[in-house]
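When you get a sec, could you give me coordinates for this:
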Amino acid sequence: MIEVAGLTKRYGEKLAVTDLSFTVRPGLVTGFLGPNGSGKSTTMRMIVDLDTPSSGTVRINGQRYRDFRAPLCEVGALLEARSVHSGRSAHNHLLALAQTHGIGRRRVDEVVELVGLAAVARKRAGGFSLGMGQRLGIAAALLGDPGTLIFDEPVNGLDPEGIRWIRTLLKDLAAQGRTVLVSSHLMSEMALTAEHLVVIGQGRLIADQSVADFVAAASGNTVHVRSPRATELRDLLLSTDVTVRADGPDVLEVSGLSSDRIGIAAAGAGIPLYELTPRQASLEEAFMTLTRDTVEYHGGTPSSPPGDPTTTAGRSGAELVGTAGAVVGGPGARA
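Next up is the predicted model:
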């Protein structure tokens, strides 16, 4: 279990994380979400004592990370997959880590096989592709068979097979009773992988709830209805607590009533229904809705077509006006 309590981190005049509290429980995959610049990477760095909080505490199974005698056997973390000596082979990189904790060679071979690097284990890590580097970072996180795992963008650079593999791996690790915290910008993957979400924006907590509850909070209570007698149905359903919007000659969008109640009302009046579908936002839509006021970096849309010489500074397409990232070992980095 990871317990974050009142966590605050200040870099000069900039507050990266402000009074942040949440708990990551074992037995399920917890997604850690937020826009760029929200403080995700800073928070993960503080969890594993790479950054010191300005105030607040972090406990992993009741202890600070720095107090673990064999941290690799307690916490596995993938924060920057390319933090590897480029001249070492994948096998020797993992072996060097293992020897600091008394972990045997057999375990090195096991994790190499598990992440699919057996065929290239003796090759220099400096020549690895982004996806291969990710697999090596995941192997390092799993090396000590820890009960707590923290992954920052684990699918970055992976092909579709690799994405499916890491999705299954994360679920399997959680099913074994481990604590699994995963940060990602891929909402489609989080929708398939995570069961619980911790969402932050501008360093503050926005949501700490199940994926289902998070999506439901952004979806509202709207039902899409098709009927050949839509006008009659609209008049039947309208009330002070119900709004009905016509969206075509036979289509209604009804807010304030469940699909069950609409169906019962229509049946009672003998009105046929062609479609009765509750509207539910995707995780991406829910995320965009609930974090829109905390987005620090926006894409600018030019007024002229891409390639138009009148476009300011020769921009083409949407121009990225800001970016932020984190590199393990870099001072002051944040998500």
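
elements contacting the helix or strand that contains residue 172?
Per DSSP states H and E, residue 172 falls inside helix 160-175. Helix 160-175 is packed against strand 29-33, helix 130-142, strand 179-183, helix 187-193, with contacts defined by 3 or more Cβ pairs under 8 Å, 6 or more residues apart in numbering; DSSP states H and E. Just so you know, the C-beta spots here come from the backbone N, C-alpha and C atoms, and that holds for glycine as well.

and the angle from it to strand 179-183?
Here helix 160-175 points in a direction 140 degrees away from that of strand 179-183 (axes from the mean of the first three to the mean of the last three Cα atoms, to 10 degrees).

For residue 241, see how far away residue 94 is.
Per Cβ to Cβ, to the nearest Å, residue 94 is found 61 Å from residue 241.

higher neighbour count, the two?
Neighbour count, other Cβ atoms under 10 Å: between residue 94 and residue 241, residue 94 has more, with 28 against 8.

now that one, what's its secondary structure?
helix (DSSP: H, G, I helix; E, B strand; the rest coil).

pretty sure it is touching residue 106, no?
No. Counting by Cβ atoms under 8 Å, residue 94 sits too far from residue 106 to count as a contact (11.8 Å).

Verify the contact between residue 230 and residue 253 for me.
No. Taking contacts as Cβ under 8 Å, residue 230 lies outside contact range of residue 253: 10.8 Å.

overlap in contacts of the two?
Counting by Cβ atoms under 8 Å, 6 or more residues apart in numbering, residue 230 and residue 253 have no common neighbour.

Specify which residue of these two has the higher count of neighbours.
Legend: neighbour count by other Cβ under 10 Å for residue 230 and residue 253, higher for residue 230 (21 against 15).

so residue 267 is in which element?
Element membership of residue 267 [criterion: DSSP H and E] is helix 259-268.

for that helix, which positions count as buried?
Neighbour-count burial for helix 259-268 flags 259, 262, 266 (criterion: 16 or more other Cβ atoms under 10 Å).

and what of stretch 137-148?
For stretch 137-148, burial by neighbour count (16+ other Cβ under 10 Å) applies to 137, 138, 139, 140, 141, 142, 143, 144, 146, 147, 148.

So which of these is the closest to residue 9?
residue 148 (20.6 Å; Cβ to Cβ).

Dihedrals phi and psi, the closest one?
Dihedral pair for residue 148: phi -130, psi 130, per degrees, to the nearest 10.

a strand runs through residue 56, doesn't it?
Yes. Applying three-state DSSP, one finds residue 56 inside a strand.

State the number of residues packed around it.
Residue 56: 17 neighbours (other Cβ under 10 Å).

Spit out the contact partners of it.
So residue 56 contacts 4, 5, 6, 7, 8, 19, 20, 21 (Cβ under 8 Å, 6+ apart).
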